[in-house]
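Student: Here is the input, now give the coordinates:
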Amino acid sequence: QMQLKESGGGSVQTGDSLKLSCVTSGGTFSGTAVGWLRQAPGKEREFVAAISAPGGGTYYQDSVKGRFTISKDNADHTLYLQMNNLKPEDTAAYYCVVEQRVSTIIYSTSSTAHRVLGQGTQVTVSS
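Tutor: Sure, this is the predicted structure:
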């Protein structure tokens with residue numbers, strides 16, 4: 001059974017950068033949509049970025065467009081989220097997710113039961 005493990009979170013200042021990684025075990029991302037969700041304390045879990053399959057199209061939440069970049073390695077084993085110009089409102093736990101359809105990731109809410117969801121990595125941005 002596929003499992004996901006995120007890493008790369010941390011505490012940074014406004015304007016700093018972080019790169020999150022998500023490594024899969026028990027399978028690869030081949031043929032599936034992948035993405036990142038986040039959840040801040042007291043808030044609903046929300047979509048951040050995703051890659052569709054097939055096609056590899058990328059999708060972003062409006063608030064992160066131009067600052068975040070989602071990518072994956074050629075072996076479909078590791079998913080990345082490069083986060084630049086971080087803001088305090090980016091503070092959240094970030095989760096890696098795998099789905100059959102990218103729409104399930106894009107329209108994800110806290111009540112969505114995802115096919116595979118990681119345990120998360122914390123990102124804290126201070127002003």
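Student: going forward, measure contacts between C-alpha atoms and count neighbours the same way
Tutor: OK.
Student: how close does residue 51 sit to residue 16?
Tutor: Distance check for residue 51 against residue 16: by C-alpha to C-alpha, to the nearest Å, it reads 24 Å.
Student: out of the two, which sits in the more crowded spot?
Tutor: Comparing residue 51 with residue 16 by other C-alpha atoms under 10 Å, the one with more neighbours is residue 51, at 25 against 14.
Student: Just to be sure, residue 24 is in a strand?
Tutor: Yes. Assessed with DSSP: H, G, I helix; E, B strand; the rest coil, residue 24 lies in a strand.
Student: separation between it and residue 103?
Tutor: Residue 24 is 21 Å from residue 103, by C-alpha to C-alpha.
Student: More neighbours: which of the two?
Tutor: Taking neighbours as other C-alpha under 10 Å, residue 24 and residue 103 compare with residue 24 leading, 20 against 13.
Student: dump the residue contacts of that one.
Tutor: 2, 3, 4, 5, 77, 78 (C-alpha atoms under 8 Å, 6 or more residues apart in numbering).
Student: does the second one really touch residue 119, like I thought?
Tutor: No. Here residue 3 does not reach residue 119: they are 9.5 Å apart, not a contact under C-alpha atoms under 8 Å.
Student: Looking at these two now, which is surrounded by more residues?
Tutor: Of the pair residue 3 and residue 119, residue 3 is the one with more neighbours under other C-alpha under 10 Å, namely 17 against 14.
Student: Look up phi and psi at that one.
Tutor: Dihedral angles of residue 3 (phi, psi; degrees, to the nearest 10) stand at phi -130, psi 150.
Student: Could you do the one 10 residues further on as well?
Tutor: Backbone geometry at residue 13, expressed as degrees, to the nearest 10, gives phi -100, psi 160.
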